[in-house]
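Novice: could you work out the structure for the sequence below:
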Amino acid sequence: MLDLPLIWYALLVVLLTGYAVLDGFDLGAGAVHLMVARTDTERRHVLNSIGPVWDGNEVWLITGGGALFAAFPLVYATVFSGFYLAMVLVLGALILRAMAIEYRNKEANAWWRRAWDLVFSASSALAALLFGVALGNLIGGLALDEHGVYRDGLAGLLNPFGLLAGALALAVAIMQGTAWLALKTEGAVAERSRRIQVVAILAVAALWVALAAMAWSESSMAAANYKTTLAAWIGPLIGVNALVFGLRSTLLRQAWRSFLACSAAVAGLALAAAAALYPNLVPATVAARSLTVDNAHSSDLTLSVMLLVALIGMPLVLGYTAFVYWKFRGKVRLEESSY
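Specialist: Now for the predicted structure:
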């Protein structure tokens, strides 16, 4: 007998990890846009490094949201209602970011392009930061009332643990984004990206240690699996080794290896977060009010039908993603139709 809720928890982790790895680098590239690129041509190189893939990367977020709605509707309702203002800010940041990418090249005026460059960088950084704040609050536990509703609003999410998780998410995105830029660009942009990447890798390591120490001391739920289950340490083990290998590869100017290692580090961090949460999906400060894999899932019929859809759809998404990255492989070259 298949454990359908557990299977869907694993699929949700895969989808959101895929989003973190793929959209993480284009959010990171946007966050450092003003630092790595200083001329109009250099900034066009940054935009064109992500131009063919950024919107496809967001398919993983949409698919993850759809999977959450279908498989764990109570979690979807609680998170999206309780985090309403935060979600609106994230959507606003993603919309402005898309506008910046598409509108920047529509006018040749310097002020026009500089304004959209600023919007692109700020919105990318804000989206990464808020994603981390949301995840940090989930791991740390929410103050749900007796009806399972979170009522503390955005201000309640901006606590030390949530903000530290947000800083870690932003550092991870910058690490991933600069690894991508070092891979896809040449000259001064690639060199500046490598220098920032080294700092970002060290920042990720330091922030991860600080967040883990805080979780261990302040959140018994987040540390529970690490204290009782050896398999929970797989994610951290992958993450630590990937960070070390990524730093080494960056210093040796091995761009492909560095990008793959940073991607593995992101996956390791995602697995570490998943291990900290399970079996909770929305941990509550009052444990009895937590939404878990067992008490928040849809009917077995719904999960079975959705699993069949996923088995058909996931290979299509993977195939499309692989094709696009293969088609646009190699260093960025500006053309008349480029951003």
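Novice: just how off-centre is stretch 149-165 within its chain?
Specialist: 18 Å (Cα atoms, centre = their mean, to the nearest Å).
Novice: ends of it, what's the gap?
Specialist: Using Cα to Cα, to the nearest Å, one end of stretch 149-165 lies 22 Å from the other.
Novice: contacts for it?
Specialist: With Cβ atoms under 8 Å, 6 or more residues apart in numbering as the test, stretch 149-165 has contacts from 78, 81-83, 85-86, 89, 132-137, 139-140, 142-145, 207, 210-211, 214-215, 218-219. Just so you know, the C-beta spots here come from the backbone N, C-alpha and C atoms, and that holds for glycine as well.
Novice: repeat that for stretch 255-270.
Specialist: Under the criterion Cβ under 8 Å, 6+ apart, residues 13, 16-17, 20-21, 24-25, 168, 172, 175-176, 179-180, 182-183, 190, 197, 201, 204, 208, 235-243, 245-246, 249-250 lie in contact with stretch 255-270.
Novice: how close does A242 sit to G148?
Specialist: Applying Cβ to Cβ, to the nearest Å, the value for A242 to G148 is 37 Å.
Novice: quick one, which of the two is more surrounded?
Specialist: When neighbours are counted by other Cβ atoms under 10 Å, A242 and G148 differ, and A242 comes out ahead with 21 against 18.
Novice: what residues are up against that one?
Specialist: 261-265, 267-268.
Novice: picking up where we left off before, got a ChimeraX select line for the buried ones in the contacts of stretch 255-270?
Specialist: Command for ChimeraX that selects the buried part of the contacts of stretch 255-270, burial taken from 16 or more other Cβ atoms under 10 Å:
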select :13,16,17,20,21,24,25,168,172,175,176,179,180,182,183,190,197,201,204,208,235,236,238,239,240,242,243,245,246,249,250
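Novice: most neighbours of all the contacts of A242, which one?
Specialist: C262 (33 neighbours).
Novice: for it, which non-adjacent residue is closest in space?
Specialist: Sequence neighbours aside, A179 is the residue nearest to C262 in space, at 4.3 Å (criterion: Cβ to Cβ, 6 or more residues apart in numbering).
Novice: so where's the stretch 1-150 of the chain uncertain?
Specialist: 1 (pLDDT under 70).
Novice: can you show me the helices along it?
Specialist: 4-31, 33-36, 40-50, 54-57, 59-71, 73-82, 84-103, 110-140 (DSSP state H, counting those that start in this stretch).
Novice: tell me which of these sits most buried.
Specialist: Of the helices of the stretch 1-150 of the chain, the one with the most neighbours on average (mean count of other Cβ atoms under 10 Å) is helix 4-31, at a mean of 23.
Novice: G246 and I238, how far apart?
Specialist: Counting by Cβ to Cβ, the gap from G246 to I238 is 12 Å.
Novice: and stretch 50-65, how far from the chain's centre?
Specialist: With Cα atoms, centre = their mean, you get 11 Å for stretch 50-65.
Novice: just stretch 232-244 next, same as before
Specialist: How far stretch 232-244 lies from its chain's middle: 17 Å, per Cα atoms, centre = their mean.
Novice: same question, stretch 199-210
Specialist: Relative to the chain's own centre, stretch 199-210 is displaced by 16 Å; criterion: Cα atoms, centre = their mean.
Novice: mind listing what's buried in that stretch?
Specialist: For stretch 199-210, by 16+ other Cβ under 10 Å, it's 200-201, 203-205, 207-208.
Novice: between those, which sits nearest L4?
Specialist: Using Cβ to Cβ, W208 is the member of the buried residues of stretch 199-210 that lies nearest L4, at 32.5 Å.
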